[in-house]
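Chemist: Take a look and give me a structure for this.
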Amino acid sequence: MTIFNRALTKTANNQQITYVNQLYHLRGQCYFRLGQLDLAEKDFQEAIVISDDRSKVILYNSLGKCKAQMALRDPAQLEEAVKCFEKVLEFSNHTDGEGFFNLGLAYRKMKNSPVPKAIKQFTEALKYLKLNDQYQALV
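Modeler: Predicted coordinates:
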C-alpha cells in the first residue's frame, strides 16, 4: 500500500494525470482483498470520476463487487451493486459478459430473489464469456 500511496502523492504533486485512475483502481483492489471495503469503495469511486468512459467498465465492475461484499453487513448495498453492474452494461454497450454475470449474481442474492432476472443475466453472460472466463468468474 505504501507504494501506491507514494505514487499517488507524487503524481498529485507533479499534476501528472496519466495512469492515476489505474493507481486508484489497483490500490482499491488491494484494499478489497484486505477486506478494507470502505477504502476500496473510495478508491474505485475516485478512479471512476477521473476516467474516460472506456475505462469505466472495469471500474464499475470492481465497485459493484465491493458493494456486493458490503451487502453482507448492509443489505442496502446490494441495490447499489446492481446499479454499478447496470453501469457496466451501459458503458460496454451491453457486451460485457462479466457485467451480465455479476448482475445475475446480485439478483440471485437479493431478498425475494428475482430469479427470472438472474437467469436472463446469466444467459446473456454466456453469449460474451469464453468458457475459461466462465470458470474463472466462478472461482
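Chemist: Give me the distance between residue 127 and residue 100.
Modeler: Remark: distance between residue 127 and residue 100 (Cβ to Cβ, to the nearest Å) = 8 Å. Using the backbone N, CA and C atoms, a C-beta is placed for each residue, glycine as well.
Chemist: and these two? which has more neighbours close in?
Modeler: residue 100 (25 against 10; other Cβ atoms under 10 Å).
Chemist: and that one, helix, strand or coil?
Modeler: With DSSP: H, G, I helix; E, B strand; the rest coil as the basis, residue 100 sits in helix.
Chemist: SS state for the nearest residue to it once chain neighbours are set aside?
Modeler: Leaving aside its sequence neighbours, residue 100 sits nearest to residue 125 (Cβ to Cβ, 6 or more residues apart in numbering; 3.8 Å). Assigned by three-state DSSP, the conformation of residue 125 is helix.
Chemist: same check, this time on residue 75
Modeler: coil.
Chemist: start at 835 instead
Modeler: That works, and once the first residue is 835, the last one we named lands at residue 909.
Chemist: Ignoring the adjacent residues along the chain, who's closest to it?
Modeler: Closest residue to residue 909 apart from its sequence neighbours, by Cβ to Cβ, 6+ apart: residue 945 at 7.1 Å.
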